[in-house]
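# need coordinates for the below:
(chains A and B)
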Amino acid sequence: MTIESENAREEIKEIVKKCITCGICKSLCPVFKTIREEKVSPRGKTMLLKKEVYDEIIYKCSLCRGCEQRCPSGIKICSAFKKARKVLVEEGKETEANKEMIQNIRTYGNPFGKIVPGKCRKLYCC
Amino acid sequence: MKKSEELIPYSTDASMIEGNAIKVVFPKTIGEIRNIIGKENNITIRGGGTSLVGGAVPFNSVVMDLSKMNRILNLDAGNRIVEVEAGIILDELNNYLEKYNLEFPVQPSSHGVCTIGGMIAANAAGNRAIKYGKTRKWIIELEAVNGKGEVLKIKKSDLEDFSGMEGITGVIVSAKLKLEPKIKRTTSMFSIETLDSVAETAKKYKDNKEVSEIEILDKTTSSLLGLEEKYHLIVEFENEEGELKGKDYDYIMNLRDRAYPALANIGFSHIEDPEISFQKFKEFAEFLESERIPFFGHLGVGIIHPVFMQNQKNKIQRMFEVVKRFKGQITGEHGVGIIKKEFLDSINKKIIERIKNRHDPLCKMNCNKVINCGKKTEEKIEEAKDDN
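Presented below is the predicted three-dimensional model:
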């Protein structure tokens, strides 16, 4: 564990400890509305982070901040997920798609890779 | 992620009580539900996971999550009847009904996430109970699978076998519900100095047929929500009488929904729901204030929500004694779950036991919720096998 990831873990702990598991965050979450499983809901992922489970499931979030808009406790949920992704990257646990996207940005200056006119490229979610 | 970690999100609900799930299943058909009941011995049914009494908390059991059974099966807009699967979320149903100018009028504060199945199982009330009563009133027919795996069509006369039983008799699969025409609502908020004036103002609106809710916020709650440190009464009208309309109306309604989380955030995370008569409100509120217990609630129907810190068990006990002295109910809308089993009176307990045994003699469904089954599930199964 690097110092950065340790610090990020501490910051995340501070953010998620305010969660009272009311579940109201689910009401605007497009990921939950599509998959309809608690584990991908903002509450579900917050509970995982509370228990310090860092897994690529944290990428199942569009970072739209709908949950933050609804959270009655005012928790910056998406901010916690972004930091958690940083931890995953620092600890070498990010997704293959994420790795490829970063490589593409470094090589070609865009997340899609080499642009061939007229050819549609795979899209990635950051 | 390890299998055990994947189950963490299913280990609790809005009660913050933690249990442990051994598996989670997402049935999509009655056949799958029957299959699960046939195979498993200890099942916890889950809807939106918004129970405040641990209704959806598993204890070494399989979680049956109905979130994927969320279809609208039929709408008869002319006769104002809709048939839905249990996992549909109340706001999703009402958003769909909006284009037909209809709505399902019972509205708990968790309307954005609670499911119709959960509302039926808990016989949920909510903010507009003064006008629309509880969920059961709006059910025409239910389809359910009981703990024996039997598929049942439950008519109005037998609704109490499932509605209000908190899932201990079986799984609610779908429901035929009555609807109301959608109404444009307005609200007024009164900032009040004394409890006498609160009671007086509420009394003025209580019997008005155009009023659909009367909510009280005490001084602590008001101040936490950014209002003046006074009592606040929120009165909702089903006409133009309210001063706040449109966006202002939405703002006040959102504010009211944030009362409990605002209190929970400063440590008052244990919420109760006693029901007392309107005449006793002032005395009850005085008691709460003398004990420094913040509160808010549905004053129109006498359901008050005092909130406590986790280590204030003695205060809760003292409050229950006052509720009993005032001849009130220990729970007005959250249900019994695992928290309030000890407060069920013996007559109610016997009635519930009889219904439970009729539908779920092996105690497979939500075992040890509402009432204790007295024995371990496994022993019950062996006993029943011997009987056969």
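
# can you give me how far stretch B:365-376 is from the chain middle?
20 Å (Cα atoms, centre = their mean, to the nearest Å).

# spell out which parts of the stretch 51-200 of chain B neighbour chain A.
B:Asp65, B:Ser67, B:Lys68, B:Asn70, B:Gly87, B:Ile89, B:Asp91, B:Ser110, B:Gly112, B:Val113 (Cβ under 8 Å from any Cβ of the partner chain). From N, CA and C alone the C-beta is placed, and that goes for glycine too.

# any idea how far A:Pro30 is from B:Asn101?
27 Å (Cβ to Cβ, to the nearest Å).

# no wait, A:Arg70
13 Å.

# kindly state the domain boundaries assigned to chain A.
Chain A breaks down by automatic domain parsing into domains covering A:3-94, A:95-126.

# which one of those domains has the lowest average pLDDT?
In terms of mean pLDDT, the lowest-scoring of these is domain A:95-126 (a mean of 80).

# re earlier: for PyMOL, write the select line for the buried members of the residues of the stretch 51-200 of chain B next to chain A.
Burial among those is assessed by 16 or more other Cβ atoms under 10 Å in any protein chain shown; the matching PyMOL selection reads:
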select buried, chain B and resi 65+67+70+87+89+91+110+112+113
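
# so of the residues of the stretch 51-200 of chain B next to chain A, which ones are in strands?
B:Asp65 (DSSP state E).

# reformat the residues of the stretch 51-200 of chain B next to chain A as TSV; add pLDDT.
Formatted as TSV, these follow (pLDDT from 0 to 100):
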residue	pLDDT
B:Asp65	98
B:Ser67	97
B:Lys68	98
B:Asn70	98
B:Gly87	98
B:Ile89	98
B:Asp91	97
B:Ser110	92
B:Gly112	95
B:Val113	96
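
# and which of the residues of the stretch 51-200 of chain B next to chain A is nearest chain A?
Of all these, chain A sits closest to B:Gly112, with 2.9 Å by Cβ to the nearest Cβ.

# contact partners for the closest one?
Shown in contact with B:Gly112 (Cβ atoms under 8 Å, 6 or more residues apart in numbering or on different chains): A:Ile24, A:Lys26, A:Ser27, A:Leu28, A:Arg70, B:Ile89, B:Leu90, B:Asp91.

# most neighbours, which of these?
A:Lys26 (28 neighbours; other Cβ atoms under 10 Å in any protein chain shown).

# who touches that one in this structure?
Taking Cβ under 8 Å, 6+ apart, one finds A:Phe32, A:Ser41, A:Pro42, A:Arg43, A:Cys67, B:Gly48, B:Gly112, B:Val113 in contact with A:Lys26.

# just say helix, strand or coil for it.
Following DSSP: H, G, I helix; E, B strand; the rest coil, the label given to A:Lys26 is helix.

# do A:Asn7 as well
Going by three-state DSSP: A:Asn7 is helix.

# return the distance of it relative to chain B.
The spacing between A:Asn7 and chain B, counted by Cβ to the nearest Cβ, to the nearest Å, is 23 Å.

# what bits of the stretch 201-350 of chain B have low per-residue confidence?
Judged by pLDDT under 70, the stretch 201-350 of chain B has no weakly predicted residues.

# please redo it, this time with the cut-off set to 90
B:207, B:254, B:256-258, B:260-262, B:264-267, B:269-270, B:310-311, B:313, B:332, B:339-345 (pLDDT under 90).

# which bits of chain A sit near chain B?
Close to chain B, as judged by Cβ under 8 Å from any Cβ, chain A has residues A:18, A:20-24, A:26-28, A:36-39, A:41, A:43-45, A:47-48, A:51, A:53, A:55-57, A:70, A:72-74.

# helices - which of those residues land there?
Assigned to helices by DSSP state H, the following of these qualify: A:Arg43, A:Gly44, A:Lys45, A:Met47, A:Leu48, A:Arg70.

# I'd assumed A:Arg36 was in contact with the second one.
Meaning A:Gly44. No. Distance between A:Gly44 and A:Arg36: 11.4 Å, which falls outside the contact criterion (Cβ atoms under 8 Å).

# returning to what we had before: by neighbour count, which of the ones in helices among the residues of chain A next to chain B wins?
A:Lys45 (30 neighbours).
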